[in-house]
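Student: below: sequence and its predicted model.
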Amino acid sequence: REELLKRWDPKTFKRAAAVVMGDPPAELRKRIQELSLQAKQEAADIEFRARKAEEKRKRLLERQQRQREREKKKLQKAAKKKQDALRKKLEAEKRKRERIARGEDPEEEEEE
């Protein structure tokens, strides 16, 4: 404390100390309580907004994930359908070649 007081010129500055004893006035306590409550409320509001933003981001990510899954299933279904059609076509060609090899009419379909 003495070191801090040496920085100030004693000719232009007066040293004074105020000592307060007892409970602070009700007005001061009320004001301090309001400021404290306001600070807590602001912190709670910031936390609430951050939590809501995080939840919104998670919902968006989940929605995008579900959309990608649906598109993937749709593409797989289309690929399977195309593969089945190609397989049936190849089987028909194979049966046609077998009928030709046996000497039968290739246009005549076998009934199974």
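Tutor: All right, it came through fine. Since this is a predicted model, take the numbers as computed values, not measurements. Residues are numbered from 1 along each chain as shown.

Student: pLDDT below threshold where in this structure?
Tutor: Applying pLDDT under 70 to the chain picks out residues 1, 106, 108-112.

Student: rerun at 90
Tutor: Filtered on pLDDT under 90, the chain yields the residue ranges 1-24, 95-112.

Student: helices along that one, start to end?
Tutor: Along the chain, counting by DSSP state H, helices occupy 2-6, 26-102.

Student: which one of those is the most hemmed in?
Tutor: A comparison of the helices of the chain by mean neighbour count, using mean count of other CB atoms under 10 Å, puts helix 26-102 on top with a mean of 10. In short, each C-beta sits where N, CA and C put it, glycine included.

Student: distance from that helix to the middle of the chain?
Tutor: 10 Å (CA atoms, centre = their mean, to the nearest Å).

Student: before we move on, the earlier item: now distance to residue 16 too, for the helices of the chain, in CSV please.
Tutor: Conversion of these to CSV gives the following (distance: least, CB to CB, whole Å):
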stretch, distance to residue 16
helix 2-6, 12
helix 26-102, 20
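
Student: now the spatially closest residue to residue 32 that is not a sequence neighbour: how far from residue 30?
Tutor: Of all residues not flanking residue 32 in the chain, residue 24 sits nearest, at 7.8 Å (CB to CB, 6 or more residues apart in numbering). From residue 24 across to residue 30, the span is 10 Å (CB to CB, to the nearest Å).

Student: same check on residue 53?
Tutor: Going from residue 53 to residue 30 by CB to CB gives 35 Å.

Student: before we move on, back to that, of the helices of the chain, which is nearest residue 14?
Tutor: Counting by CB to CB, residue 14 lies closest to helix 2-6 out of those; the figure is 11.6 Å.

Student: go ahead and name everything in contact with the closest one.
Tutor: residue 15 (CB atoms under 8 Å, 6 or more residues apart in numbering).

Student: report the distance from it to the chain centre.
Tutor: 55 Å.

Student: kindly export it (C-alpha atoms) in CSV.
Tutor: The C-alpha trace of helix 2-6 is given here as CSV (Å, rounded to 0.1, in the frame of the first residue of the first chain):
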residue,chain,number,x,y,z
GLU,A,2,2.8,2.3,0.8
GLU,A,3,4.4,1.7,-2.6
LEU,A,4,1.1,2.6,-4.3
LEU,A,5,0.9,5.8,-2.3
LYS,A,6,4.4,6.8,-3.3
